[in-house]
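Undergrad: Any chance you can model this:
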Amino acid sequence: MTALLEKVERRQVQRTGPKLIFERKDIRFSNVGPDLLRLSVDVTNTGDAPSRPDELIVHTAPLGAFVPTRPLLRLALPSIGPRRSTTLTVEIAVPAAKPLGPPDRVPPSRLLTALDLGDRSSKPRRRVGATAGTALDLMALMGRRNSHFAGNFNIFLGNTEVERHLAQAVRIYPGRTNMAMFVMGDRPDAYAFELAGPGAAWSVNLFDGTHARSVALVPRDGQVVSERNWFPVQSMRMMFLAIEPPEGCGAGELEVHITQRSTQKAAVVEFSLDPYAVGPGCFVVP
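TA: Just a heads-up that it's a prediction; the model follows:
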């Protein structure tokens with residue numbers, strides 16, 4: 001009987017311990033100035049005991065999925081009481097990106113070269129409050145810098161990794177073919193895609209434009225990628241969305257859900273599209 005009671009007590013301790021969680025939409029970022037971004041992460045303790053102090057490790061990458069990340073900074077995480085939350089916030093410099101040229105003169109392969117994703121084996125170098133720069137913004141490289149940085153943040157807490165890949169408040173042009181882009185993969189594998197969100201009801205086509213003669217020619221030179229089928233690749237790809245919002249449309253959210261065959265992991269690349277957004281937004285093609 002004593003042994004049974006001890007086993008029950010151990011189970012109760014496990015059930016009432018701390019449990020820290022955060023999800024994709026608990027990661028928020030937006031520019032507070034042209035060269036300064038504010039990143040916030042909400043962390044919740046759903047357990048019945050206070051958590052120990054810990055830290056979040058933050059990585060950055062260009063907008064995309066399954067791409068190499070670069071260590072950026074660490075955020076001290078204080079003890080969180082049972083069934084309570086805390087928000088960690090830091091401001092980060094956004095490096096200026098020298099435009100490569102207009103879409104009709106820049107091949108997508110040159111964009112990949114300009115990203116210079118670097119060595120993933122280095123350790124995080126910065127502490128709380130540091131302003132190490134974000135990854136480069138793809139649209140800024142095309143000379144179309146928008147109000148908010150578009151890119152990835154990967155947040156690590158112990159063995160947990162949560163990612164957010166987001167381009168927000170991007171201007172679209174109704175009745176025309178708008179081009180948005182993201183990076184995908186960095187090694188031989190295969191990926192399956194699915195479009196979601198209100199914007200998926202518009203006319204949207206996905207292209208692998210890596211070998212197009214220019215960004216503007218992707219709809220002509222690129223390879224159309226079908227939804228829900230495995231798309232094999234051998235190296236990093238430049239992916240494009242050709243979006244045709246109808247005349248008179250309002251804002252729309254468009255999500256690209258991507259599954260990697262080798263790991264069965266899924267990632268979501270989010271686009272917040274608005275015909276009234278500030279900035280040049282998407283580029284359009286004839």
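
Undergrad: doesn't A212 make contact with Q223?
TA: No - counting by Cβ atoms under 8 Å, Q223 stays clear of A212, with 9.2 Å between them. Placement of C-beta: from N, CA and C, glycine included.

Undergrad: quick one: which of these two has more around it?
TA: Set Q223 next to A212 and count neighbours by other Cβ atoms under 10 Å: A212 wins out with 22 against 14.

Undergrad: Parallel or antiparallel, which strands does the helix or strand T89 falls within pair with?
TA: T89 is located in strand 84-93, with elements delineated by DSSP states H and E. Strand 84-93 pairs in its sheet with strand 36-45 (antiparallel), by DSSP bridges.

Undergrad: Buried by neighbour count: which residues of the partner strand qualify?
TA: 37, 39, 41, 43-45 (16 or more other Cβ atoms under 10 Å).

Undergrad: Take those and write them to TSV, including distance to S30 and pLDDT.
TA: As requested, those are arranged in TSV below (distance: Cβ to Cβ, whole Å; pLDDT from 0 to 100):
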residue	distance to S30	pLDDT
L37	7	96
L39	9	98
V41	13	98
V43	19	98
T44	21	98
N45	26	97
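
Undergrad: Now for those residues: which two are most distant?
TA: L37 and N45 (26.9 Å; Cβ to Cβ).

Undergrad: Could you measure from S51 over to F22?
TA: 12 Å (Cβ to Cβ, to the nearest Å).

Undergrad: hang on, I meant R261
TA: R261 sits 27 Å away from F22, going by Cβ to Cβ.

Undergrad: And for R187?
TA: R187 sits 28 Å away from F22, going by Cβ to Cβ.

Undergrad: more crowded one of these two?
TA: F22 (18 against 11).

Undergrad: what about the strands in the stretch 1-150 of the chain?
TA: 20-21, 27-33, 36-45, 54-62, 64-65, 70-77, 84-93 (DSSP state E, counting those that start in this stretch).

Undergrad: now the ones you listed in JSON lines, with distance to R171?
TA: Formatted as JSON lines, those follow (distance: least, Cβ to Cβ, whole Å):
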{"stretch": "strand 20-21", "distance to R171": "35"}
{"stretch": "strand 27-33", "distance to R171": "15"}
{"stretch": "strand 36-45", "distance to R171": "19"}
{"stretch": "strand 54-62", "distance to R171": "20"}
{"stretch": "strand 64-65", "distance to R171": "21"}
{"stretch": "strand 70-77", "distance to R171": "28"}
{"stretch": "strand 84-93", "distance to R171": "24"}
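
Undergrad: Out of those strands, the one nearest F182 is which?
TA: Closest to F182 of the strands of the stretch 1-150 of the chain is strand 64-65 (Cβ to Cβ; 4.3 Å).

Undergrad: isn't I172 right next to L273, touching?
TA: Yes - between I172 and L273 a contact is recorded at 4.6 Å, counting by Cβ under 8 Å.

Undergrad: of the two, who's got more company?
TA: A count of neighbours by other Cβ under 10 Å puts L273 above the other of I172 and L273, at 28 against 25.

Undergrad: quick one, what contacts the more buried one?
TA: L273 sits next to 170-172, 178, 180, 199, 243, 245, 251-254, 282 when contact means Cβ atoms under 8 Å, 6 or more residues apart in numbering.

Undergrad: try 6 Å
TA: Going by Cβ atoms under 6 Å, 6 or more residues apart in numbering, L273 touches 170, 172, 199, 252.

Undergrad: Doesn't the first one belong to a strand?
TA: Yes - secondary structure of V170 (DSSP: H, G, I helix; E, B strand; the rest coil): part of a strand.

Undergrad: Now for the closest residue to it other than its chain neighbours, how many residues are close by?
TA: Computed as Cβ to Cβ, 6 or more residues apart in numbering, the closest residue to V170 that is not its neighbour in sequence is G281, at 5.0 Å. Here the number of neighbours of G281 (other Cβ under 10 Å) works out to 22.

Undergrad: relative orientation of the strand holding T89 and strand 27-33 in degrees?
TA: Relative orientation of strand 84-93 and strand 27-33, computed by axes from the mean of the first three to the mean of the last three Cα atoms, to 10 degrees: 40 degrees.

Undergrad: Right, I'll call it a day here.
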